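**Q** what's the 3D shape of this:
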Amino acid sequence: MSINLKGASAEERARYAELVRPSRQRAGMSQLELATIADVDRTTVSNVERGAFAPQADVLRRLLRALGIATDESDADVEVQLWAAMIESLLLALPHDRRAAAADEALAVLARHARDSDVSAAPASVRRIVESMPRDHAEQPIAAKRGTQRREQRHAD
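**A** Reported below is the predicted structural model:
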């Protein structure tokens, strides 16, 4: 699924702009790095992240694309749109407080597959996401990620 910005209202653009900060942080980018890749000013990135205004569609499109987020339907493969829709449904079915952890784990698995493939031709934002994910993230048990040893955790019987 991609974000269709064609004809998006200011309210819709403001809602989509809320994706910029968490996506940038997950990618391990600074505001300046994102601004450079998206060809916008760093203060624009800051203003968008703070919600100071609803960005114009073109600016938002450049920011989202720089973060590896597909915009406008023509950019995305139909099969990928289907997978993204299924992932979205699964994430929405989770309690809100568990979504970020589940999304992080899913991204780690995808990054591992991308790392095992040749992503040298991928956009810089995609390569940066792949490089920023810990190599052993997907293989670590969830308990280890929380800092609790598995043997010390209570088990549901």
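**Q** could you use CA atoms for every contact and neighbour count after this?
**A** OK.
**Q** grab the nearest non-local neighbour of the spatially most central residue of the chain.
**A** What sits nearest the mean C-alpha location of the chain, by Cα atoms, centre = their mean, is residue 23, with 4.2 Å. Leaving aside its chain neighbours, residue 23 sits nearest to residue 67 (6.6 Å; criterion: Cα to Cα, 6 or more residues apart in numbering).
**Q** again with residue 71
**A** With Cα to Cα, 6+ apart, the residue lying closest to residue 71 is residue 3, at 4.5 Å.
**Q** cool, and residue 32?
**A** residue 42 (5.3 Å).
**Q** from residue 24, how far out is the one you found?
**A** Distance of residue 42 to residue 24, given as Cα to Cα, to the nearest Å: 13 Å.
**Q** among these two, which residue is more densely surrounded?
**A** Using other Cα atoms under 10 Å, the more surrounded residue of residue 42 and residue 24 is residue 24, with 22 against 17.
**Q** what comes up buried for the strand or helix carrying the more buried one?
**A** If you go by DSSP states H and E, residue 24 is part of helix 20-27. For helix 20-27, a neighbour-count test (16 or more other Cα atoms under 10 Å) marks 20-21, 23-24, 27 as buried.
**Q** same check, this time on stretch 45-64
**A** By neighbour count on 16+ other Cα under 10 Å, the buried set for stretch 45-64 is 45-46, 48-49, 54-55, 57, 59-64.
**Q** try stretch 28-41
**A** 28-29, 31, 34-35, 37-38, 40.
**Q** number of nearby residues for residue 119?
**A** Residue 119, neighbours per other Cα under 10 Å, totals 14.
**Q** chain neighbours aside, what residue packs nearest to it?
**A** Distance criterion Cα to Cα, 6+ apart; nearest residue to residue 119, sequence neighbours excluded, is residue 127 at 6.6 Å.
**Q** for residue 93, see how far away that neighbour is.
**A** Applying Cα to Cα, the value for residue 127 to residue 93 is 30 Å.
**Q** of the two, which one has the most company?
**A** The residue with more neighbours, out of residue 127 and residue 93, is residue 127; 19 against 10, by other Cα under 10 Å.
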